[in-house]
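Novice: let's see this in three dimensions:
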Amino acid sequence: MTALTQKGQVTVPKAVRQLLDLHSGDEVEFVVKNGLVELKRSRRDHRSAYGFLKSTASEAAKVVDENAGLMDALIEDDDRIRSQRR
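Specialist: Purely as a prediction, here's the structure:
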């Protein structure tokens, strides 16, 4: 048994946290069915992470340009090494 605080919060008993593999910061859902309340671990899908990593188009273009420059340098090194083997 647990008590409701003035802020409407409850402490989830340790046995329940272990059963649901809950950790500090995890999100839970309260589902009400036929007068009963079910506590569920929140299972977000990949769509909920949309926008998590903020970047602009110019930042993305910069990364693409940097990668292209690295690839050009690798190709030049490979060509140089191959020509020395001949």
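Novice: how many residues are close by Leu36?
Specialist: 7 (other C-beta atoms under 10 Å). For every residue, glycine as well, the C-beta is placed using N, CA and C.
Novice: need phi/psi at it.
Specialist: phi -110, psi 150 (degrees, to the nearest 10).
Novice: list the beta-bridge partners for it.
Specialist: Lys33 (DSSP bridges).
Novice: longest helix anywhere in the protein?
Specialist: helix 57-85 (DSSP state H).
Novice: now do it: distance to the chain's middle.
Specialist: Remark: helix 57-85 is offset 30 Å from the chain centroid, using C-alpha atoms, centre = their mean, to the nearest Å.
Novice: and stretch 31-47, by the same measure?
Specialist: For stretch 31-47 - counting by C-alpha atoms, centre = their mean - the centre lies 20 Å from the chain centre.
Novice: contacting residues around that stretch?
Specialist: 12, 16, 20-22, 26-30 (C-beta atoms under 8 Å, 6 or more residues apart in numbering).
Novice: do you know the pLDDT at Gln6?
Specialist: The confidence metric pLDDT takes the value 94 at Gln6.
Novice: do you know how far it is from Ile75?
Specialist: Distance of Gln6 to Ile75, computed by C-beta to C-beta, to the nearest Å: 67 Å.
Novice: looking at these two, which is more packed in?
Specialist: Ile75 (10 against 5).
Novice: list the contacts for the more buried one?
Specialist: Neighbour list for Ile75: empty [criterion: C-beta under 8 Å, 6+ apart].
Novice: start and end of stretch 25-37, how far apart?
Specialist: 21 Å (C-alpha to C-alpha, to the nearest Å).
Novice: off-centre distance for stretch 17-30?
Specialist: 16 Å.
Novice: picking that back up, in helices only, show me the contacts of stretch 31-47.
Specialist: 16, 20.
Novice: buried subset of the contacts of stretch 31-47?
Specialist: Leu22 (16 or more other C-beta atoms under 10 Å).
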